[in-house]
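Asker: Need coordinates for the below:
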Amino acid sequence: MQAASGFVPYDMERYRLELDAEEQQQRMRSLLAEAKGQPITLVYGAKDEEYNQAIVLRDVLSDLSEESNR
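Answerer: Numbers count the residues shown, from 1 in each chain. Model (predicted):
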């Protein structure tokens with residue numbers, strides 16, 4: 001299935017794997033620490049609201065935030 005943006009679910013999984021790299025994980029943890037629980041706004045230019053990198057990033061940041069609150 002191809003989304004209107006050209007970003008497909010396979011690409012979402014591949015991007016998630018890129019974000020699993022330790023360097024990326026540390027960057028996201030730093031971002032969450034600096035936000036101190038405040039909302040983080042993700043801006044994206046994709047036309048498709050369901051399949052885009054911001055959705056993947058949102059989910060990964062949410063998972064990291066939940067892990068740090070345990």
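
Asker: Show residues contacting the longest helix along the chain.
Answerer: For the chain, the longest helix by residue count, based on DSSP state H, is helix 53-68. Outside helix 53-68, the residues that touch it by CB atoms under 8 Å, 6 or more residues apart in numbering are 7, 12, 15-16, 19, 25, 28-29, 31-32, 40, 42-44, 46, 49. No exception for glycine: its C-beta is placed from N, CA and C like everyone else's.

Asker: If any of those residues are buried, put those into a PyMOL selection.
Answerer: What follows is the PyMOL syntax for the buried subset of those, where burial is set by 16 or more other CB atoms under 10 Å:
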select buried, resi 7+12+15+19+28+32+46
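
Asker: Among the contacts of helix 53-68, which lie within strands?
Answerer: Using DSSP state E, no member of those falls within strands.

Asker: if we can go back for a sec, and the longest helix of the chain, what's buried?
Answerer: Neighbour counts using 16+ other CB under 10 Å place 53, 55-57, 60-61, 64 of helix 53-68 among the buried residues.

Asker: Report the distance from that helix to the chain centre.
Answerer: 5 Å (CA atoms, centre = their mean, to the nearest Å).

Asker: Just the CA atoms of that helix, as PDB, please.
Answerer: What follows is helix 53-68, C-alpha atoms only, in PDB (Å, rounded to 0.1, in the frame of the first residue of the first chain):
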ATOM      1  CA  GLN A  53       8.100  10.400   9.400                       C
ATOM      2  CA  ALA A  54       6.500  12.600  12.000                       C
ATOM      3  CA  ILE A  55       4.100   9.800  13.000                       C
ATOM      4  CA  VAL A  56       7.000   7.400  13.500                       C
ATOM      5  CA  LEU A  57       9.000  10.000  15.400                       C
ATOM      6  CA  ARG A  58       5.900  10.800  17.600                       C
ATOM      7  CA  ASP A  59       5.500   7.100  18.400                       C
ATOM      8  CA  VAL A  60       9.200   6.600  19.200                       C
ATOM      9  CA  LEU A  61       9.300   9.700  21.400                       C
ATOM     10  CA  SER A  62       6.200   8.600  23.200                       C
ATOM     11  CA  ASP A  63       7.700   5.200  23.900                       C
ATOM     12  CA  LEU A  64      10.900   6.700  25.200                       C
ATOM     13  CA  SER A  65       8.900   9.100  27.400                       C
ATOM     14  CA  GLU A  66       6.900   6.200  28.900                       C
ATOM     15  CA  GLU A  67      10.100   4.200  29.500                       C
ATOM     16  CA  SER A  68      11.700   7.100  31.400                       C
END
